[in-house]
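Participant: Sequence first, then the predicted structure:
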Amino acid sequence: MLALRSAYIEGATIVSPMPEYDGVLRGLPSNLNPDRISIAVGSTELDGSSPFEFSASGASSSTKFVPEVDIVAPGVDVLTTLNTQSDEYDEVTTTAASSGIVGGVASLLKSKNNNLKPDDIREIMRRTADAMGAGLYDPKTGFGRVNAKAAVEYLDDNTITHGVLENTTSTKIQSNQQKTLFKGAWGDLASGAYSVDVYEVTGTVTLPSTVEDVWFHAKGTTGWSAANPNFQRPFALVDIDENNQEATFTTFIYHVKYNSGAQQIDEWHPTHKDNVEIAYTIAGDPLPSPPPPAPVPQTPILQGTVVSGSPSLSWNAVPWGLSYQLNRNSTHPQVSSETIITTNTSYVDPLPINVEVSWEFFGNISYTVQAVNYQYVASPSSNAIVYNEDSYGIGGGLLKLEEGENLPEKFALINNYPNPFNPTSTIRYDLPERADVTLTVYNMLGKRVATLLDGMIQPGQHETLFDASALSSGNYIARFTAIGVSGKTFEESMNMQLIK
């Protein structure tokens, strides 16, 4: 099984004949594993009937795995020297002959489009086969008899586009469930019974104007099914909306907590719920080309003064500047470095300090500004405006925090206010120690729309402004990560609603 998996991962399309049961389950790739790495091929008579009953004769199906047929091909009256006692040819009926036909069609498709993956070849054959049973799938004849002409025409009519979905959301759907997991060819967890939490992970992909089919790939997909028992093989459901505009992928992640012996495991399989990827193919019109890159905005010119003890910054509007990113860089131990996003061309910085004027702690606080276009490409940084004890004749310099102010006891992300909001909202957070902080905002499609913080920030109670003037109404997710100098990590997310 591992050899088959390795060949599949390297891009090999594996075609395997179905076993011909005679009381013994034969050792063929199609029935040695349930991991669907190979294309399982059955045979048909010339009239389309199936010459073999693909069931475990003389054995209970509960003790022997009975594989499913993917596709069938003619396999009767084949001239061969097999089982003959002389050099004369004899006619036999065997799925081995059928698999040769399917292998030839697979080679034909690969020569037509060298970028096809093994899953693409299987799915194209399934979708273009001549149905032979009742409904879409029949246990004896699979998806039907292979149709080489229809398979090639499918490639003529459709562009094959590959992609990997990374922006996903997860929801716990089962807690402390008993699951039987089999290792199989894909798994890295020993076969056995486990107590698990199951998370449903979903994500969406925008489709081209005309789409024929969408399917996932085992290689590159880090998710399992929710089935019990489970063979630990890659799995994803695909649902296309009624307007053919989006495809929603669903897979499942297991937080394995205990084994059958009550031994604590505490592992995520096949990956952590926040690291899921789903590899997929879209067959249809090519995806629209991305818009040409917008011109990089010009660099604004920054000016500064002091208003009521606070730094007051202003800059000129520049072409292609949809918003502006004001960067505060502080070496003052009581003032953090932060990034402010705004669509205005001026900003008075309400530093988190009181009205006492003192400069016991020497340091500089400097500002630069960058213009950002609609593709979130920023201009080079502007000239710097620096504030210190000698700046602008303000004597003791900037205002400082009161002595003895208590630091927060723990990391915290505090609900933004107001919420709902239009168009600005303040996000507050607590740092009990100096930390490397990132604060990013995503829309409900998982696209990043703003980076509010990214750098080292001093301990204390902080807040930052989120200006959504350039965004449309809807729900947004703020993701906050802080890694303290002690090594402690804090992650938290919250929902924000913009109503215009």
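Facilitator: Looks like it arrived, so ask away.
Participant: Nearest residue to the middle of this protein?
Facilitator: By CA atoms, centre = their mean, the mean C-alpha position of the chain lies nearest to Glu166, the distance being 1.9 Å.
Participant: Tell me how far it lies from Glu153.
Facilitator: Remark: distance between Glu166 and Glu153 (CB to CB, to the nearest Å) = 33 Å. All C-beta atoms are positioned from the backbone trio N, CA, C, and that covers glycine.
Participant: re earlier: tell me who's in contact with the closest residue to the residue nearest to the centre of the chain other than its chain neighbours.
Facilitator: Leaving aside its sequence neighbours, Glu166 sits nearest to Glu277 (CB to CB, 6 or more residues apart in numbering; 5.5 Å). Contact criterion CB atoms under 8 Å, 6 or more residues apart in numbering gives 164-166, 220-222 as the residues in contact with Glu277.
Participant: Max pairwise distance over the residues you listed: which two?
Facilitator: Spatially, the most separated pair among the contacts of Glu277 is Glu166 and Thr221, at 11.7 Å (CB to CB).
Participant: still on that earlier bit, now do the same contact list for the residue nearest to the centre of the chain.
Facilitator: Counted by CB under 8 Å, 6+ apart, Glu166 has contacts 203, 276-277, 446.
Participant: now the stretch 251-400 of the chain, which segments are flagged as low pLDDT?
Facilitator: Where the stretch 251-400 of the chain drops to pLDDT under 70, the residues are 286-291, 306-309, 332-334, 351-363, 388-400.
Participant: just the strands in it please.
Facilitator: Under the criterion DSSP state E, counting those that start in this stretch, strands of the stretch 251-400 of the chain are mapped to 264-269, 278-284, 302-307, 310-315, 323-330, 338-342, 346-348, 365-372, 385-387.
Participant: Also the stretch 101-250 of the chain?
Facilitator: 159-165, 169-181, 192-206, 211-217, 237-240, 246-259.
Participant: What lies in contact with the fifth one?
Facilitator: The one in question is strand 237-240. Residues from elsewhere that reach strand 237-240, judged by CB under 8 Å, 6+ apart: 207, 211, 214-216, 246-251, 280.
Participant: in this structure, what secondary structure element scores lowest on mean pLDDT?
Facilitator: Averaged element by element with mean pLDDT, DSSP states H and E, the chain has its least confident helix or strand at helix 29-32 (a mean of 45).
Participant: that older thread, which among the contacts of strand 237-240 end up buried?
Facilitator: 207, 211, 214-216, 247, 249-251, 280 (16 or more other CB atoms under 10 Å).
Participant: can you redo the residues you listed as JSON lines with distance to Arg479?
Facilitator: Formatted as JSON lines, those follow (distance: CB to CB, whole Å):
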{"residue": "Leu207", "distance to Arg479": "27"}
{"residue": "Val211", "distance to Arg479": "31"}
{"residue": "Val214", "distance to Arg479": "28"}
{"residue": "Trp215", "distance to Arg479": "31"}
{"residue": "Phe216", "distance to Arg479": "26"}
{"residue": "Ala247", "distance to Arg479": "24"}
{"residue": "Phe249", "distance to Arg479": "21"}
{"residue": "Thr250", "distance to Arg479": "22"}
{"residue": "Thr251", "distance to Arg479": "21"}
{"residue": "Tyr280", "distance to Arg479": "25"}
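Participant: Farthest-apart pair in those residues, please.
Facilitator: Top of the distance list for those (CB to CB): Val211 and Thr251, 20.4 Å.
Participant: Where does Leu4 sit, in terms of helix or strand?
Facilitator: Per DSSP states H and E, Leu4 falls inside helix 2-9.
Participant: what packs against that helix?
Facilitator: Where contact means 3 or more CB pairs under 8 Å, 6 or more residues apart in numbering; DSSP states H and E, helix 2-9 is not packed against any helix or strand.
Participant: Off-centre distance for it?
Facilitator: Mean-position distance between helix 2-9 and its chain equals 24 Å (CA atoms, centre = their mean, to the nearest Å).
Participant: tell me the mean pLDDT over that helix?
Facilitator: Computed over helix 2-9, the mean pLDDT rounds to 72.
Participant: mind listing what Ala73 touches?
Facilitator: Residues in contact with Ala73, defined by CB under 8 Å, 6+ apart, are 41, 43-44, 98-99, 101-102, 145-146.
Participant: just to revisit the earlier point, for Val296, state which of the contacts of Glu277 is nearest.
Facilitator: Set against Val296, the nearest of the contacts of Glu277 by CB to CB is Glu166 (26.2 Å).
Participant: Could you check how far the closest one is from Ile365?
Facilitator: 37 Å.
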